[in-house]
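Enquirer: prediction below, plus the sequence it came from.
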Amino acid sequence: MVRYVFRRVIWGALMLLVVSALTFVIFYLLPSGDPAAIRAGRYATPARIAQVRHQLGLDRPIYYQYWLYMKALVWHFDFGTSFKTNLPVRDTIFTRLPVTFSVASGAVVIWILIGIPVGVISAIKRRSLLDRMTMGASLVAISAPVYWLGLIALFLFSKDLGIIKLFGGSGSYVPLFQDPAGWFSSLILPWFVLAAAFAAFYARMVRGNLIETMNEDFIRTARAKGLSERRVIFRHGLRAALTPVVTMAGLDIGTLLGGAVLTETVFNIPGIGRLAYDSIVGSDLPMIQGTVLFGAFFIIVANLIVDVIYAFLDPRVRY
C-alpha cells in the first residue's frame, strides 16, 4: 500500500507539472487581452505599456518565464503576484478557499443525502410509479444548466429579487464566524442548485448499479443462507454497487473544491471559481495558473483517497 501511494504521489506531481505547462502555453497561444495594457490603464502610452510589460517579465521568452515560475513554486511555494491586483496569488487563493469549501461541502452533503437514497428506492421499487417519477425528475435535473437553475432560484426564492423571499440572494455571502445565520441563508440556494444535477446523476447511477448487483451470484447465495432482504440489499448489494459511485464522488468533490465557477459567478460568491473567472477575463496569468493548479491538486488528491477507500469497500481490491 505504501509503495502504491508513493507511486501515485509521484504521478500526481508529474501531472501538476504538465497542467502548469499547458496553462502557460494556452495563455500565450489563445487570443486574449494584453496584461500589460490592462495593468497600465486605459489611457497609458505605448512607452508606459512597454515599461509595465518589462516589470511583469512579459518581454522574456515563455520558457524562461515558466522556469522562474516553477523555481519559485517548488522552492518557496510561491505562486507569483497577480498582474491585476499586485497581491500574492497564494494569499488570495487561501483567502477564497474557505468560501469554496463552504459551497462544495454543503452541496456534497445534499446530493449524497438525496441521490443515494433515491437511487436505492428506485432500484428496489423498479418500474413502479415512484421509480418513474424520480427518474423523470432526475433526467430534468441533469438536463438543466447550472446557470439557468441559479437564475430561476434567484427569481423565485431570493430575498432581493424573488417572488417568495426566503433566502439570501446574489452577493449576500457572509463568512460563517461573522454571521452563522446569514452564512447559511446565503448558501442554501447555491447548495441546492449545485447539488441538483449531481444528485440526479448519482440517483441514476446507484439505481443502475444496484439493479445489476442484485442479479449477481453472491446475492443469490446470501438469500439462500436465509438472510433478510433488508440485510441482503444494504449489507451486500449496496456495498458492491457503491464502488463506481465512490470513483465519481472523488472526481466531483475534487472539481468542486477547485472552484464551482458557474455557481459562484451566478450567485456572486467570492470563492475560487469566481476568482478564476475574473482572472480569465482580466488576462491575469499568475492567478489563472494558481487556480488551475489548485483545482488539479484537489482532483489528484481526491482520486488517491478514492483508490485507498476501494480496499475497504471491495475486498477483491488489493494493491
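Expert: Arrived safely.

Enquirer: buried sites along the host helix or strand of Ile112?
Expert: Ile112 belongs to helix 89-124 when elements are defined using DSSP states H and E. Using 16 or more other C-beta atoms under 10 Å as the test for burial, helix 89-124 gives 89-90, 92-93, 96-97, 99-100, 102-104, 106-108, 110-112, 114-116, 118-124. All C-beta atoms are positioned from the backbone trio N, CA, C, and that covers glycine.

Enquirer: quick check: the gap between Leu262 and Gly115.
Expert: 20 Å (C-beta to C-beta, to the nearest Å).

Enquirer: quick one: low-confidence parts of this structure?
Expert: Applying pLDDT under 70 to the chain flags the ranges 1, 28-33, 259, 310-319.

Enquirer: could you list the domains of it?
Expert: Per automatic domain parsing, the structural domains of the chain span 15-76, 92-313.

Enquirer: and those, which is most packed in?
Expert: Highest mean neighbour count of the domains of the chain: domain 92-313, a mean of 18 (counted as mean count of other C-beta atoms under 10 Å).

Enquirer: how far off centre is that one?
Expert: Domain 92-313 has its C-alpha centroid displaced from the chain centroid by 9 Å (C-alpha atoms, centre = their mean, to the nearest Å).

Enquirer: let the chain start at 20 from now.
Expert: Yep, numbering from 20; the last one is domain 111-332 now.

Enquirer: so what's the most centrally placed residue in the chain up against?
Expert: The centroid of the chain falls nearest to Leu275 when counting by C-alpha atoms, centre = their mean (1.4 Å). By C-beta atoms under 8 Å, 6 or more residues apart in numbering, the residues touching Leu275 are Thr119, Val122, Ala123, Ala126, Val127, Leu213.

Enquirer: nearest to Trp94 among those residues?
Expert: The closest of the contacts of Leu275 to Trp94 turns out to be Thr119 (C-beta to C-beta; 26.9 Å).

Enquirer: check contacts around that closest one.
Expert: Contacts for Thr119 (C-beta under 8 Å, 6+ apart) come out as Leu275, Leu276, Gly278, Ala279, Glu283, Gly290, Ile291, Gly292.

Enquirer: again with Thr111
Expert: With contact taken as C-beta under 8 Å, 6+ apart, Thr111 is in contact with Ser101, Thr104, Leu294, Met306, Gly309.
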